[in-house]
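Novice: Fold the stuff below for me.
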Amino acid sequence: KMLSHPDTARKGNLVAAGGMTLAILGTIFLYKGENNEPLHNYIWIFAALIIGTVVGTMVSKKVQMTAMPEMVSLFNGMGGACAMLISIIEYRHIMANIATTTPETGKMIVVVLGMLIGTVSFAGSMVAWGKLNGSIKDRTIPGGQAINFILFAGLITLVVIVVGGFFPDM
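Specialist: Residues are numbered from 1 along each chain as shown. Next up is the predicted model:
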């Protein structure tokens, strides 16, 4: 709500940042694994948080207001890439334990959809960034909608194959 007006946008961003900080710290320190064990990689987590904070702060101070849509699409794409990478790690974790446990269909659907949505979000955001930046020209391909439909159908088929367990060694 505060982001809808320039006078309150700064406060709205600070409230959002505070909420996200609480969510991240709560997740890090309250997490319990399958055997009720806490996280063991605090150094990697906090190193990544510090690097991301420093880089994000430096970039945000240098970007012009007219380039803000480009930066937003770039950051959105990075979020999609992170979702995809996390899903890949979770998928490998599930597959590593497949000898001892049968993967739950719901969990497999969530992991595979995370890969799919994260990848599409990353690719779409990078195209948006390139178009806003001026490095990608707007062109249409003859039969582009048919090609998109075929690609979408192929992705849905792959989701069904992976979730159905037809190729567990992928």
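Novice: Could you report the separation of the residue sitting furthest away from the middle of the chain from Gly130?
Specialist: Within the chain, Pro142 marks the point farthest from the mean C-alpha position, 31.0 Å out by Cα atoms, centre = their mean. Using Cβ to Cβ, to the nearest Å, Pro142 is found at 21 Å from Gly130. (Each C-beta comes from the backbone N, C-alpha and C, glycine too.)
Novice: and the helix or strand encompassing His93, what does it pack onto?
Specialist: Per DSSP states H and E: His93 is located in helix 68-96. Using 3 or more Cβ pairs under 8 Å, 6 or more residues apart in numbering; DSSP states H and E, the elements in contact with helix 68-96 are helix 42-62, helix 105-133.
Novice: Give the buried residues for it.
Specialist: Using 16 or more other Cβ atoms under 10 Å as the test for burial, helix 68-96 gives 70-71, 73-74, 76-78, 80-81, 83-84, 87, 90-91, 94.
Novice: just those now: which is nearest Ser135?
Specialist: Proximity of the buried residues of helix 68-96 to Ser135 (Cβ to Cβ) peaks at Glu70, which lies at 10.3 Å.
Novice: Give the buried residues for the helix or strand of the chain with the lowest mean pLDDT.
Specialist: Sorting the helices and strands of the chain by mean pLDDT, DSSP states H and E puts helix 144-164 at the bottom, at a mean of 86. For helix 144-164, burial by neighbour count (16+ other Cβ under 10 Å) applies to Val159, Val162, Val163.
Novice: which residue sits closest to Thr8, ignoring its sequence neighbours?
Specialist: Met2 (4.2 Å; Cβ to Cβ, 6 or more residues apart in numbering).
Novice: which residues touch stretch 137-148?
Specialist: Lys131 (Cβ atoms under 8 Å, 6 or more residues apart in numbering).
Novice: How far does that stretch stretch from one end to the other?
Specialist: 19 Å (Cα to Cα, to the nearest Å).
Novice: mind checking how far that stretch is from the chain centre?
Specialist: Relative to its parent chain, stretch 137-148 has a centroid offset of 26 Å by Cα atoms, centre = their mean, to the nearest Å.
Novice: so what's Leu132 up against?
Specialist: Leu132 touches Pro69, Glu70, Ser73, counting by Cβ under 8 Å, 6+ apart.
Novice: Now pLDDT and distance to Val120 too, for the residues you listed, in TSV please.
Specialist: Converted to TSV, the contacts of Leu132 look like this (pLDDT from 0 to 100; distance: Cβ to Cβ, whole Å):
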residue	pLDDT	distance to Val120
Pro69	86	19
Glu70	88	19
Ser73	90	14
